[in-house]
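1. prediction below, plus the sequence it came from.
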Amino acid sequence: MKITDLKCAVLGRNPVIRIKTDEGIEGIGQAEYAKENMKWLFLHYRDAIIGMDPTDVERVMQRIRRLGAFKPWGAGVSSIEMALWDIAGKAAGVPVYKLLGGKVRDRVRVYNGNVQRTMTSFNPEDFAEEARWMKSQPENFSIVKQAISFHTMMPREVPDYFYGEIETGPRSPRTGVMTERGMKHTIACVEAMKDVLGDEVGLALDCGPGFYPNDALKFAKALEHLNVMWLEDMITGDYTPYVLADLYREVTPYTTTPIHTGEQIYLRQNFMDLIEKRAVNIVGPDFADVGGIAELKWITEYADLHGISMAPHGRFDGLFGLAAQVQVAATLPKNYIAFEYTTGDPDWWYDIVEGLPDPIVKDSHIEVWDAPGLGVTFDVEAAKRHLRKEDSDFFD
Ligand SMILES: [Mg+2]
């Protein structure tokens with residue numbers, strides 16, 4: 001079998017790729033909707049892979065893997081990897097999990113970092129209300145994740161929150177040394193959420209980046225009695241193209257609160273420091289940024305050897321991304337906790353994708369399905385109605 005074409009369209013805001021073959025089998029890949037304006041990146045790899053056998057997934061990956069980088073620049077390679085597995089599974093007539101070593105669980109746990117409302121004020125009662133709302137959702141999530149501190153507008157909205165300057169504009173960094181008042185406020189918000197969630201629903205917190213290590217340690221120690229699931233990305237995270245494992249080493253060994261990072265990191269090599277130095281307790285790569293689902297599995301296995309858990313990022317990866325997460329999560333070792341549930345956005349995504357269970361999530365789990373490949377496909381006629389003009393030949 002040979003790859004004959006790679007196409008990319010932006011559906012809603014998610015870049016979607018379609019790899020065509022000379023045997024009529026095709027594969028679909030999808031990237032985070034945060035890459036809406038990066039269609040060129042996905043097409044960049046087209047000439048490198050045409051003519052290759054898509055079922056030799058690793059051979060294709062060896063050709064293009066070095067041509068990516070930390071988020072957002074790993075999305076092209078990652079989406080191609082996902083589409084190749086889709087083709088390989090369809091060609092073999094088996095679900096992708098079979099090709100990744102077979103499943104070790106029949107249903108996979110998800111956590112909620114996505115079924116959320118936009119917060120505009122950041123006081124303890126606001127966080128309590130948000131926790132109450134998430135707890136009441138029909139998915140019955142067993143873990144919910146809340147953005148807090150530097151991962152929100154809290155530094156701008158809470159007076160004297162930190163000693164830094166407020167930067168405005170999209171993706172502007174928020175970082176600095178926290179005031180005593182800022183620290184107390186943040187801790188009070190976590191306490192308010194735990195009051196609502198109790199020990200029935202685990203609470204993870206997406207915190208930064210923006211903390212300095214001493215503040216990170218102070219915050220982690222202050223929360224120890226609350227048994228939060230993890231503190232994510234306190235020091236590095238969104239769009240930081242570096243790891244800084246040694247800074248995490250100033251926090252993680254000195255607190256029982258689990259420390260988590262990894263969503264921006266590209267490739268297994270860049271997890272070595274975090275894992276080998278035991279700089280965090282949990283890693284959370286996003287398959288759609290790290291280099292694909294096999295890359296995610298490799299990192300999970302290596303983390304497991306070092307006593308480190310896995311809770312993959314994925315909130316913007318869309319419905320094909322959801323399918324890829326289900327396939328790989330079914331195969332991961334026992335250090336797997338849950339992946340971040342992703343939804344179709346806008347809602348019409350549910351009308352153009354076939355093969356998902358209904359409801360998708362029951363009691364915080366998704367039943368692993370057995371259709372070949374990723375097991376989800378486009379309803380082409382329905383999807384065509386949502387193509388942008390410049391993408392009108394996507395399904396040709
Ligand atoms: Mg995060």
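-> Nice, I can see it.
2. in this protein, what residue is nearest the ion?
-> As assessed by Cβ to the ion, the ion sits closest to residue 206 within the chain, at 4.3 Å. Yep, even glycine has a C-beta here, placed from its N, CA and C like the rest.
3. quick one: contacts for that residue?
-> For residue 206, the contacting residues are 113, 145, 146, 147, 148, 151, 232, 233, 237, by Cβ atoms under 8 Å, 6 or more residues apart in numbering.
4. show me these that map onto strands.
-> Using DSSP state E, 145, 146, 147, 232 are the members of the contacts of residue 206 that sit in strands.
5. can you give me the pLDDT of the first one?
-> According to the prediction, residue 145 has pLDDT 98.
6. for it, give the beta-bridge partners.
-> Counting by DSSP bridges, residue 145 forms beta bridges with residue 204.
7. so how far is residue 133 from it?
-> Applying Cβ to Cβ, to the nearest Å, the value for residue 145 to residue 133 is 14 Å.
8. neighbour count winner among the two?
-> Under the neighbour definition other Cβ atoms under 10 Å, residue 145 and residue 133 were set side by side, and residue 145 has more, 27 against 14.
9. I figured the more buried one was touching residue 110, is that so?
-> No: using Cβ atoms under 8 Å, residue 145 is not in contact with residue 110; the gap is 11.0 Å.
10. need the overlap of contacts for the two.
-> residue 340.
11. ranges for the strands of the stretch 1-150 of the chain?
-> 3-11, 14-21, 26-30, 107-111, 143-147 (DSSP state E, counting those that start in this stretch).
12. quick one: distance of the longest one to the chain centre.
-> Translated: strand 3-11. On the basis of Cα atoms, centre = their mean, to the nearest Å, strand 3-11 sits 22 Å off its chain's mean C-alpha point.
13. what about the closest residue to residue 126 other than its chain neighbours, how many residues close to it?
-> With Cβ to Cβ, 6 or more residues apart in numbering as the criterion, residue 126 has its nearest non-adjacent residue at 6.0 Å, and that residue is residue 119. Look at residue 119: counted by other Cβ under 10 Å, it has 18 neighbours.
14. and if you look at residue 11?
-> Neighbour tally, residue 11, other Cβ under 10 Å: 24.
15. contact partners for the closest residue to it other than its chain neighbours?
-> Excluding the flanking residues, the one nearest residue 11 by Cβ to Cβ, 6+ apart is residue 386, at 5.8 Å. Contact analysis of residue 386 by Cβ under 8 Å, 6+ apart lists 11, 12, 348, 352.
16. residue 134 too?
-> Residue 134 touches 112, 115, 116, 141, 144, 146, 201, counting by Cβ under 8 Å, 6+ apart.
17. any idea how far it is from residue 144?
-> Applying Cβ to Cβ to residue 134 and residue 144 gives a distance of 4 Å.
18. what touches both of those two?
-> Shared contacts of residue 134 and residue 144, defined by Cβ under 8 Å, 6+ apart, are found at 112, 201.
19. in the worst-scoring helix or strand of the chain on mean pLDDT, which residues are buried?
-> Least confident helix or strand, the chain: helix 154-157 with a mean of 93, by mean pLDDT, DSSP states H and E. Buried positions in helix 154-157, judged by neighbour count with 16 or more other Cβ atoms under 10 Å: 154, 155.
20. so what secondary structure elements neighbour that helix?
-> On a contact count with 3 or more Cβ pairs under 8 Å, 6 or more residues apart in numbering; DSSP states H and E, helix 154-157 meets helix 180-197.
21. list the buried ones in the helix it packs on?
-> Buried residues in helix 180-197 (16+ other Cβ under 10 Å): 182-183, 185-187, 189-194, 196-197.
22. now it: average pLDDT?
-> The pLDDT scores in helix 180-197 average 98.
23. what do you get for stretch 100-118?
-> Confidence for stretch 100-118, expressed as mean pLDDT, is 97.
24. that stretch close to the ion?
-> No: figure legend: stretch 100-118 not in contact with the ion (Cβ under 5 Å from the ion); closest approach 7.1 Å.
25. export that stretch as CSV, just CAs?
-> Coordinates of each C-alpha in stretch 100-118 appear next as CSV, following Å, rounded to 0.1, in the frame of the first residue of the first chain:
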residue,chain,number,x,y,z
LEU,A,100,-0.5,-1.1,20.0
GLY,A,101,-0.2,-4.4,21.9
GLY,A,102,-3.8,-5.1,22.7
LYS,A,103,-6.1,-3.8,25.4
VAL,A,104,-5.5,-4.2,29.1
ARG,A,105,-8.8,-2.7,30.1
ASP,A,106,-12.3,-2.7,28.5
ARG,A,107,-13.2,0.8,29.5
VAL,A,108,-11.0,3.8,30.0
ARG,A,109,-11.4,6.5,32.6
VAL,A,110,-11.6,10.1,31.6
TYR,A,111,-11.3,13.3,33.7
ASN,A,112,-13.1,16.5,33.1
GLY,A,113,-11.0,19.5,32.1
ASN,A,114,-13.3,20.5,29.3
VAL,A,115,-17.0,20.4,30.2
GLN,A,116,-16.7,23.8,31.9
ARG,A,117,-18.0,27.3,31.9
THR,A,118,-15.9,30.5,31.5
